[in-house]
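Colleague: 3D, please:
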Amino acid sequence: AETKEAGGDATERKTTSGDPAARVAKTMAPPALVVLLLAVAGAAKAFSCAGATSVKMDFLPSAHVRTDALLFDPELGECVSDHVHTFYGAIDPRAETLRPNATHEVLRRAEGNTGNVVENKSLYWHPTIYKVITDAQGGRRFEIADVWFASAYYVWRTGEAEAFPDGLKMRTHGADPVARATSHCAPEPSPCEREDSCEGGGDFLPEQACWELEINIKFPTCWDGKHVASKDGSHVSWSDGCAAAITEEHWDPECFDFPCPPSHPVRMPEIHLYTRILDYKGGHYVFSDGSDDFHADLLSGWNATELQRVLDECENESDAASPDFFCSDHLEFRGKPKVEGEQEDDDVDIRESLLSFQPPAVDARRLVAPEAVDGVNELPRGACKGQVLGF
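Modeller: This next block holds a predicted model:
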(Lines give C-alpha, C1' and ligand atoms only; values in the text may rest on other atoms or scores of the structure.)
Protein backbone atom coordinates (compact mmCIF):
# COMPACT_ATOMS: atom_id res chain seq x y z
CA ALA A 1 0.00 0.00 0.00
CA GLU A 2 1.08 3.52 -0.68
CA THR A 3 2.50 5.42 2.28
CA LYS A 4 4.41 8.65 2.60
CA GLU A 5 8.17 8.03 2.42
CA ALA A 6 7.37 4.32 2.00
CA GLY A 7 5.92 1.92 -0.54
CA GLY A 8 8.31 3.14 -3.22
CA ASP A 9 7.90 6.91 -3.12
CA ALA A 10 10.98 8.90 -3.96
CA THR A 11 12.11 9.18 -0.35
CA GLU A 12 11.56 5.53 0.42
CA ARG A 13 15.15 4.38 0.89
CA LYS A 14 16.73 7.61 2.08
CA THR A 15 18.17 7.45 5.59
CA THR A 16 20.29 9.60 7.82
CA SER A 17 23.31 7.65 6.54
CA GLY A 18 23.10 9.87 3.45
CA ASP A 19 23.07 13.09 5.50
CA PRO A 20 26.69 14.11 6.26
CA ALA A 21 25.81 16.41 9.13
CA ALA A 22 23.65 13.81 10.86
CA ARG A 23 26.27 11.10 10.29
CA VAL A 24 29.09 13.21 11.79
CA ALA A 25 26.90 14.20 14.74
CA LYS A 26 26.08 10.59 15.45
CA THR A 27 29.57 9.12 15.22
CA MET A 28 32.15 11.79 16.05
CA ALA A 29 30.95 14.90 17.80
CA PRO A 30 30.75 15.76 21.51
CA PRO A 31 27.26 16.48 22.88
CA ALA A 32 27.33 20.27 22.41
CA LEU A 33 28.46 19.91 18.83
CA VAL A 34 25.84 17.26 18.22
CA VAL A 35 23.14 19.77 19.07
CA LEU A 36 24.72 22.42 16.86
CA LEU A 37 25.21 20.15 13.85
CA LEU A 38 21.74 18.70 14.07
CA ALA A 39 20.28 22.18 14.32
CA VAL A 40 22.22 23.23 11.22
CA ALA A 41 21.12 20.09 9.38
CA GLY A 42 17.50 20.68 10.35
CA ALA A 43 17.65 24.30 9.24
CA ALA A 44 19.17 23.28 5.92
CA LYS A 45 16.45 20.71 5.37
CA ALA A 46 13.75 23.23 6.25
CA PHE A 47 15.29 25.72 3.84
CA SER A 48 15.46 23.13 1.07
CA CYS A 49 11.74 22.41 1.47
CA ALA A 50 10.67 26.05 1.57
CA GLY A 51 8.84 26.84 -1.65
CA ALA A 52 9.15 23.26 -2.89
CA THR A 53 5.92 21.72 -4.10
CA SER A 54 4.58 18.44 -5.44
CA VAL A 55 1.32 17.25 -6.92
CA LYS A 56 0.08 13.68 -7.37
CA MET A 57 -2.17 12.65 -10.27
CA ASP A 58 -3.47 9.10 -10.75
CA PHE A 59 -4.44 7.16 -13.88
CA LEU A 60 -5.82 3.88 -15.14
CA PRO A 61 -4.56 2.49 -18.46
CA SER A 62 -6.49 3.43 -21.59
CA ALA A 63 -5.11 0.80 -23.99
CA HIS A 64 -2.22 -1.45 -24.99
CA VAL A 65 -1.22 -0.86 -28.61
CA ARG A 66 1.92 -0.78 -30.76
CA THR A 67 2.22 2.95 -31.47
CA ASP A 68 4.57 5.72 -30.34
CA ALA A 69 3.91 9.38 -31.15
CA LEU A 70 7.49 10.33 -30.26
CA LEU A 71 8.75 8.42 -33.27
CA PHE A 72 6.28 9.73 -35.86
CA ASP A 73 8.00 10.64 -39.14
CA PRO A 74 5.81 12.57 -41.62
CA GLU A 75 7.88 11.19 -44.49
CA LEU A 76 7.10 7.59 -43.51
CA GLY A 77 3.53 8.26 -42.44
CA GLU A 78 1.73 6.27 -39.77
CA CYS A 79 3.68 3.17 -38.70
CA VAL A 80 3.43 0.74 -35.86
CA SER A 81 6.22 1.10 -33.33
CA ASP A 82 8.80 -1.55 -32.48
CA HIS A 83 6.90 -2.83 -29.43
CA VAL A 84 3.60 -2.57 -27.56
CA HIS A 85 2.98 0.30 -25.14
CA THR A 86 0.57 0.83 -22.26
CA PHE A 87 -1.07 4.27 -22.40
CA TYR A 88 -2.55 6.57 -19.76
CA GLY A 89 -4.35 9.90 -19.99
CA ALA A 90 -6.30 11.60 -22.77
CA ILE A 91 -8.54 9.33 -24.85
CA ASP A 92 -11.39 9.83 -27.32
CA PRO A 93 -14.00 7.48 -28.78
CA ARG A 94 -12.09 7.14 -32.07
CA ALA A 95 -8.77 6.49 -30.26
CA GLU A 96 -7.12 9.36 -32.12
CA THR A 97 -4.86 10.00 -29.10
CA LEU A 98 -3.41 6.49 -29.54
CA ARG A 99 -2.45 6.91 -33.17
CA PRO A 100 1.20 7.24 -34.26
CA ASN A 101 0.65 10.85 -35.32
CA ALA A 102 -1.10 12.07 -32.13
CA THR A 103 -0.45 15.75 -31.39
CA HIS A 104 -1.04 18.31 -28.67
CA GLU A 105 -4.12 19.50 -30.54
CA VAL A 106 -5.52 15.96 -30.60
CA LEU A 107 -5.02 15.61 -26.85
CA ARG A 108 -6.61 18.98 -26.09
CA ARG A 109 -9.82 18.12 -27.92
CA ALA A 110 -10.05 14.58 -26.51
CA GLU A 111 -13.37 13.96 -24.78
CA GLY A 112 -12.12 11.46 -22.22
CA ASN A 113 -9.29 11.08 -19.74
CA THR A 114 -8.28 8.10 -17.59
CA GLY A 115 -6.54 10.47 -15.15
CA ASN A 116 -8.13 12.22 -12.20
CA VAL A 117 -7.05 15.80 -13.01
CA VAL A 118 -9.34 17.57 -15.49
CA GLU A 119 -6.71 20.04 -16.70
CA ASN A 120 -4.04 17.42 -17.41
CA LYS A 121 -4.76 16.03 -20.88
CA SER A 122 -1.26 14.67 -21.30
CA LEU A 123 -0.45 11.22 -22.61
CA TYR A 124 2.01 8.96 -20.79
CA TRP A 125 3.14 5.53 -21.96
CA HIS A 126 5.68 2.80 -21.30
CA PRO A 127 6.50 -0.68 -22.66
CA THR A 128 3.75 -3.10 -21.76
CA ILE A 129 4.64 -5.59 -19.03
CA TYR A 130 4.09 -9.24 -19.92
CA LYS A 131 3.91 -12.37 -17.80
CA VAL A 132 5.71 -15.16 -19.67
CA ILE A 133 3.97 -18.53 -19.21
CA THR A 134 5.89 -21.67 -20.17
CA ASP A 135 4.05 -24.91 -20.89
CA ALA A 136 5.27 -28.47 -20.34
CA GLN A 137 6.63 -28.67 -23.87
CA GLY A 138 8.64 -25.46 -23.47
CA GLY A 139 6.24 -23.31 -25.47
CA ARG A 140 5.67 -19.75 -24.30
CA ARG A 141 2.64 -17.49 -24.05
CA PHE A 142 2.81 -13.78 -23.29
CA GLU A 143 -0.03 -12.37 -21.17
CA ILE A 144 -0.33 -8.67 -20.33
CA ALA A 145 0.12 -8.01 -16.62
CA ASP A 146 -2.77 -5.94 -15.31
CA VAL A 147 -1.78 -2.47 -14.18
CA TRP A 148 -3.39 -1.66 -10.83
CA PHE A 149 -3.02 2.07 -11.43
CA ALA A 150 -0.33 4.61 -12.30
CA SER A 151 0.66 8.01 -10.89
CA ALA A 152 2.46 11.05 -12.21
CA TYR A 153 4.03 13.22 -9.52
CA TYR A 154 5.29 16.68 -10.48
CA VAL A 155 7.93 18.23 -8.18
CA TRP A 156 9.17 21.83 -8.48
CA ARG A 157 10.05 24.99 -6.58
CA THR A 158 7.09 27.38 -6.60
CA GLY A 159 7.60 30.32 -8.94
CA GLU A 160 10.85 28.93 -10.39
CA ALA A 161 9.66 26.38 -12.95
CA GLU A 162 8.30 26.87 -16.47
CA ALA A 163 5.31 24.98 -17.84
CA PHE A 164 5.89 22.34 -20.47
CA PRO A 165 5.53 24.00 -23.87
CA ASP A 166 2.45 22.93 -25.81
CA GLY A 167 3.13 19.54 -27.37
CA LEU A 168 6.43 18.79 -25.62
CA LYS A 169 7.57 15.22 -26.25
CA MET A 170 10.20 13.50 -24.16
CA ARG A 171 11.44 10.08 -23.16
CA THR A 172 13.35 8.75 -20.18
CA HIS A 173 15.19 5.43 -20.11
CA GLY A 174 16.13 3.33 -17.11
CA ALA A 175 19.45 2.40 -18.70
CA ASP A 176 20.53 5.95 -17.84
CA PRO A 177 21.31 6.08 -14.09
CA VAL A 178 20.06 9.67 -13.90
CA ALA A 179 16.54 8.39 -14.66
CA ARG A 180 16.70 6.68 -11.23
CA ALA A 181 14.39 3.85 -12.35
CA THR A 182 13.47 1.48 -9.53
CA SER A 183 11.14 -1.42 -8.83
CA HIS A 184 9.88 -2.20 -5.34
CA CYS A 185 7.94 -5.11 -3.83
CA ALA A 186 5.30 -3.87 -1.39
CA PRO A 187 5.16 -4.56 1.42
CA GLU A 188 7.94 -7.19 1.14
CA PRO A 189 8.96 -9.78 -1.48
CA SER A 190 7.67 -13.31 -1.04
CA PRO A 191 8.60 -16.62 -2.70
CA CYS A 192 7.31 -17.25 -6.22
CA GLU A 193 4.71 -20.04 -6.28
CA ARG A 194 3.82 -20.17 -9.98
CA GLU A 195 2.75 -23.54 -11.34
CA ASP A 196 4.61 -23.23 -14.64
CA SER A 197 8.04 -21.92 -13.60
CA CYS A 198 9.64 -19.48 -11.21
CA GLU A 199 12.78 -19.11 -13.30
CA GLY A 200 13.67 -16.48 -15.84
CA GLY A 201 13.08 -13.30 -13.85
CA GLY A 202 15.43 -10.36 -14.15
CA ASP A 203 16.90 -7.78 -11.83
CA PHE A 204 14.27 -5.12 -12.49
CA LEU A 205 11.23 -7.39 -12.92
CA PRO A 206 12.03 -9.69 -10.00
CA GLU A 207 11.68 -13.45 -9.62
CA GLN A 208 10.08 -12.93 -6.20
CA ALA A 209 6.34 -12.45 -5.84
CA CYS A 210 4.84 -9.15 -4.61
CA TRP A 211 1.46 -8.14 -3.26
CA GLU A 212 2.13 -5.05 -5.38
CA LEU A 213 5.10 -4.36 -7.63
CA GLU A 214 5.71 -0.63 -7.87
CA ILE A 215 7.90 0.75 -10.67
CA ASN A 216 9.02 4.37 -10.98
CA ILE A 217 11.20 6.52 -13.21
CA LYS A 218 12.04 10.24 -13.48
CA PHE A 219 12.01 12.54 -16.53
CA PRO A 220 14.52 15.24 -17.56
CA THR A 221 13.88 18.70 -16.08
CA CYS A 222 15.67 21.04 -18.51
CA TRP A 223 14.51 22.24 -21.95
CA ASP A 224 16.43 24.06 -24.69
CA GLY A 225 13.62 26.62 -25.04
CA LYS A 226 13.32 26.05 -28.79
CA HIS A 227 12.22 22.58 -29.81
CA VAL A 228 9.30 20.51 -28.51
CA ALA A 229 10.74 17.31 -29.98
CA SER A 230 13.89 15.86 -31.53
CA LYS A 231 14.80 12.47 -32.95
CA ASP A 232 17.64 12.00 -30.47
CA GLY A 233 15.95 13.62 -27.47
CA SER A 234 18.55 16.40 -27.36
CA HIS A 235 15.93 19.12 -26.84
CA VAL A 236 15.73 18.12 -23.16
CA SER A 237 18.48 17.46 -20.63
CA TRP A 238 19.11 16.44 -17.05
CA SER A 239 19.98 19.13 -14.55
CA ASP A 240 23.62 19.86 -13.75
CA GLY A 241 24.87 17.90 -10.77
CA CYS A 242 22.14 15.26 -10.74
CA ALA A 243 24.41 12.45 -11.93
CA ALA A 244 27.12 13.40 -9.44
CA ALA A 245 24.59 13.42 -6.60
CA ILE A 246 23.79 9.71 -7.10
CA THR A 247 25.82 7.65 -4.64
CA GLU A 248 25.45 4.31 -2.88
CA GLU A 249 24.19 6.11 0.21
CA HIS A 250 22.02 8.59 -1.66
CA TRP A 251 20.84 6.56 -4.65
CA ASP A 252 17.74 8.63 -5.47
CA PRO A 253 18.45 12.36 -5.00
CA GLU A 254 15.82 14.98 -5.69
CA CYS A 255 17.16 16.74 -8.81
CA PHE A 256 14.25 19.10 -9.50
CA ASP A 257 16.07 21.99 -7.81
CA PHE A 258 19.45 21.56 -9.47
CA PRO A 259 20.50 24.22 -12.02
CA CYS A 260 19.97 23.64 -15.72
CA PRO A 261 22.93 23.72 -18.13
CA PRO A 262 23.36 26.78 -20.41
CA SER A 263 22.41 24.66 -23.41
CA HIS A 264 19.03 23.87 -21.81
CA PRO A 265 18.26 26.90 -19.62
CA VAL A 266 14.53 26.37 -19.04
CA ARG A 267 13.75 24.48 -15.82
CA MET A 268 10.57 22.39 -15.89
CA PRO A 269 8.87 20.45 -13.11
CA GLU A 270 10.32 17.00 -12.56
CA ILE A 271 7.95 14.14 -13.41
CA HIS A 272 8.11 10.96 -11.36
CA LEU A 273 6.06 8.30 -13.17
CA TYR A 274 4.89 5.29 -11.16
CA THR A 275 3.09 2.17 -12.34
CA ARG A 276 1.88 -0.69 -10.16
CA ILE A 277 1.13 -4.39 -10.78
CA LEU A 278 -1.19 -5.98 -8.21
CA ASP A 279 -0.60 -9.64 -7.30
CA TYR A 280 2.70 -9.86 -9.13
CA LYS A 281 3.43 -13.59 -9.26
CA GLY A 282 7.19 -13.45 -9.73
CA GLY A 283 9.07 -15.71 -12.09
CA HIS A 284 9.44 -14.70 -15.72
CA TYR A 285 8.11 -11.27 -16.66
CA VAL A 286 9.41 -9.09 -19.48
CA PHE A 287 8.80 -5.69 -21.04
CA SER A 288 7.30 -5.68 -24.53
CA ASP A 289 10.67 -4.88 -26.12
CA GLY A 290 11.98 -8.15 -24.73
CA SER A 291 14.20 -6.44 -22.15
CA ASP A 292 14.38 -5.98 -18.40
CA ASP A 293 14.90 -2.19 -18.81
CA PHE A 294 12.10 0.28 -18.16
CA HIS A 295 11.50 3.46 -20.14
CA ALA A 296 8.64 5.93 -20.39
CA ASP A 297 7.34 8.68 -22.67
CA LEU A 298 5.35 11.90 -22.43
CA LEU A 299 3.35 13.97 -24.89
CA SER A 300 2.22 17.04 -22.97
CA GLY A 301 -1.46 17.85 -23.30
CA TRP A 302 -1.51 20.71 -20.81
CA ASN A 303 -2.63 24.20 -21.66
CA ALA A 304 0.70 25.84 -20.83
CA THR A 305 -0.98 28.92 -19.32
CA GLU A 306 -3.06 26.79 -16.94
CA LEU A 307 -0.05 24.74 -15.86
CA GLN A 308 2.06 27.85 -15.35
CA ARG A 309 -0.55 29.23 -12.97
CA VAL A 310 -0.27 26.06 -10.86
CA LEU A 311 3.54 26.19 -10.90
CA ASP A 312 3.51 29.84 -9.79
CA GLU A 313 0.75 29.74 -7.20
CA CYS A 314 0.61 26.32 -5.56
CA GLU A 315 2.95 25.72 -2.61
CA ASN A 316 2.82 22.86 -0.15
CA GLU A 317 6.42 22.36 1.09
CA SER A 318 6.76 18.89 -0.40
CA ASP A 319 10.17 18.33 -1.97
CA ALA A 320 9.54 14.72 -3.04
CA ALA A 321 6.90 12.50 -4.63
CA SER A 322 4.41 12.81 -1.78
CA PRO A 323 1.10 10.90 -1.86
CA ASP A 324 -0.71 13.47 0.29
CA PHE A 325 -0.30 16.72 -1.69
CA PHE A 326 -2.44 17.58 -4.70
CA CYS A 327 -2.65 21.36 -5.29
CA SER A 328 -6.39 20.76 -5.07
CA ASP A 329 -7.09 24.50 -4.72
CA HIS A 330 -5.61 24.98 -8.18
CA LEU A 331 -6.64 21.80 -10.02
CA GLU A 332 -9.98 20.05 -10.47
CA PHE A 333 -9.95 16.41 -9.37
CA ARG A 334 -12.42 13.76 -10.47
CA GLY A 335 -13.48 11.03 -8.08
CA LYS A 336 -12.90 11.22 -4.36
CA PRO A 337 -12.21 14.79 -3.11
CA LYS A 338 -8.63 15.52 -2.07
CA VAL A 339 -7.56 16.95 1.28
CA GLU A 340 -4.11 18.52 1.39
CA GLY A 341 -1.80 16.74 3.80
CA GLU A 342 -4.07 13.70 4.06
CA GLN A 343 -3.25 10.51 2.23
CA GLU A 344 -6.02 8.34 0.82
CA ASP A 345 -6.56 5.22 2.90
CA ASP A 346 -4.90 2.71 0.59
CA ASP A 347 -4.34 1.75 -3.03
CA VAL A 348 -7.68 -0.07 -3.17
CA ASP A 349 -9.47 3.22 -2.45
CA ILE A 350 -7.43 5.03 -5.09
CA ARG A 351 -8.34 2.49 -7.75
CA GLU A 352 -12.01 2.51 -6.77
CA SER A 353 -12.05 6.29 -7.07
CA LEU A 354 -10.48 6.08 -10.53
CA LEU A 355 -12.98 3.47 -11.67
CA SER A 356 -15.86 5.78 -10.78
CA PHE A 357 -15.25 8.18 -13.67
CA GLN A 358 -13.49 6.22 -16.43
CA PRO A 359 -14.49 7.03 -20.01
CA PRO A 360 -15.92 4.27 -22.22
CA ALA A 361 -13.28 1.74 -23.22
CA VAL A 362 -11.87 1.99 -26.74
CA ASP A 363 -11.04 -0.97 -28.96
CA ALA A 364 -7.52 -0.24 -30.22
CA ARG A 365 -7.55 -3.35 -32.42
CA ARG A 366 -10.63 -2.10 -34.27
CA LEU A 367 -9.57 1.54 -34.43
CA VAL A 368 -5.76 1.70 -34.58
CA ALA A 369 -3.80 -1.54 -35.11
CA PRO A 370 -5.60 -4.87 -35.67
CA GLU A 371 -2.92 -7.22 -34.33
CA ALA A 372 -3.39 -9.26 -31.17
CA VAL A 373 -1.21 -8.07 -28.29
CA ASP A 374 -2.38 -10.27 -25.39
CA GLY A 375 -2.17 -14.03 -24.98
CA VAL A 376 0.26 -14.27 -27.91
CA ASN A 377 3.00 -16.81 -28.56
CA GLU A 378 5.48 -14.16 -29.67
CA LEU A 379 5.90 -10.53 -28.69
CA PRO A 380 4.70 -8.25 -31.53
CA ARG A 381 7.90 -6.56 -32.70
CA GLY A 382 9.36 -4.51 -35.52
CA ALA A 383 9.01 -0.81 -36.37
CA CYS A 384 6.70 -0.35 -39.37
CA LYS A 385 6.22 -4.13 -39.51
CA GLY A 386 2.49 -4.34 -39.05
CA GLN A 387 -0.72 -2.60 -40.04
CA VAL A 388 -2.10 0.74 -38.92
CA LEU A 389 -5.76 1.15 -39.80
CA GLY A 390 -6.94 4.20 -41.69
CA PHE A 391 -8.58 6.98 -39.74
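Colleague: Apart from its neighbours in sequence, what residue is nearest the residue nearest the centre of the chain?
Modeller: Nearest to the mean C-alpha position of the chain, by CA atoms, centre = their mean, lies L273 at 1.3 Å. Excluding its sequence neighbours, the residue lying closest to L273 (CB to CB, 6 or more residues apart in numbering) is A296, at 5.1 Å. All C-beta atoms are positioned from the backbone trio N, CA, C, and that covers glycine.
Colleague: what phi and what psi does the backbone show at the one you found?
Modeller: Per-residue torsions, A296: phi -150, psi 160 (degrees, to the nearest 10).
Colleague: Pairing partners for the residue nearest to the centre of the chain in the sheet, please.
Modeller: A152, I217 (DSSP bridges).
Colleague: didn't it look like it was pressed against F219?
Modeller: Yes: counting by CB atoms under 8 Å, F219 is a contact partner of L273 at 7.1 Å.
Colleague: Can you work out which residues contact both of those two?
Modeller: T172, A296 (CB atoms under 8 Å, 6 or more residues apart in numbering).
Colleague: Next, count neighbours for F333.
Modeller: Residues lying near F333 (other CB atoms under 10 Å) number 19.
Colleague: cool, I133 as well?
Modeller: Neighbours around I133, by other CB under 10 Å: 18.
Colleague: any idea how far V117 is from the closest residue to F326 other than its chain neighbours?
Modeller: Excluding the flanking residues, the one nearest F326 by CB to CB, 6+ apart is K338, at 4.2 Å. Separation of K338 from V117 (CB to CB, to the nearest Å): 10 Å.
Colleague: of those two, who's got more company?
Modeller: Using other CB under 10 Å as the criterion, K338 and V117 rank with V117 on top: 25 against 21.
Colleague: what helix or strand is the residue lying closest to that one once chain neighbours are set aside on?
Modeller: Closest residue to V117 apart from its sequence neighbours, by CB to CB, 6+ apart: M57 at 4.6 Å. M57 belongs to strand 52-59 when assigned by DSSP states H and E.
Colleague: gap between the helix or strand just after that strand and the chain center?
Modeller: For strand 52-59, the following helix or strand on the C-terminal side (DSSP H and E) is strand 61-65. Strand 61-65 has its C-alpha centroid displaced from the chain centroid by 15 Å (CA atoms, centre = their mean, to the nearest Å).
Colleague: what's near enough to touch the residue nearest to I133 when sequence neighbours are not counted?
Modeller: Nearest residue to I133, sequence neighbours excluded (CB to CB, 6+ apart): R141, at 4.6 Å. By CB under 8 Å, 6+ apart, R141 lies in contact with V132, I133, D135, G375, V376, N377.
Colleague: I'd guess R141 is in a strand, am I close?
Modeller: Yes: the assignment for R141 by DSSP: H, G, I helix; E, B strand; the rest coil puts it in a strand.
Colleague: what are the phi and psi angles of L379?
Modeller: According to degrees, to the nearest 10, L379 has phi -70, psi 130.
Colleague: my guess is it contacts V132, does it?
Modeller: No: at 9.4 Å, L379 does not count as touching V132 under the criterion of CB under 8 Å.
Colleague: which helices and strands does the helix or strand hosting T172 pack with?
Modeller: For T172, the host element (DSSP H and E) is strand 169-173. Judged by 3 or more CB pairs under 8 Å, 6 or more residues apart in numbering; DSSP states H and E, strand 169-173 is in contact with strand 295-299.
Colleague: Adjacent strands (with direction) for the strand it packs on?
Modeller: strand 123-127 (antiparallel), strand 169-173 (antiparallel).
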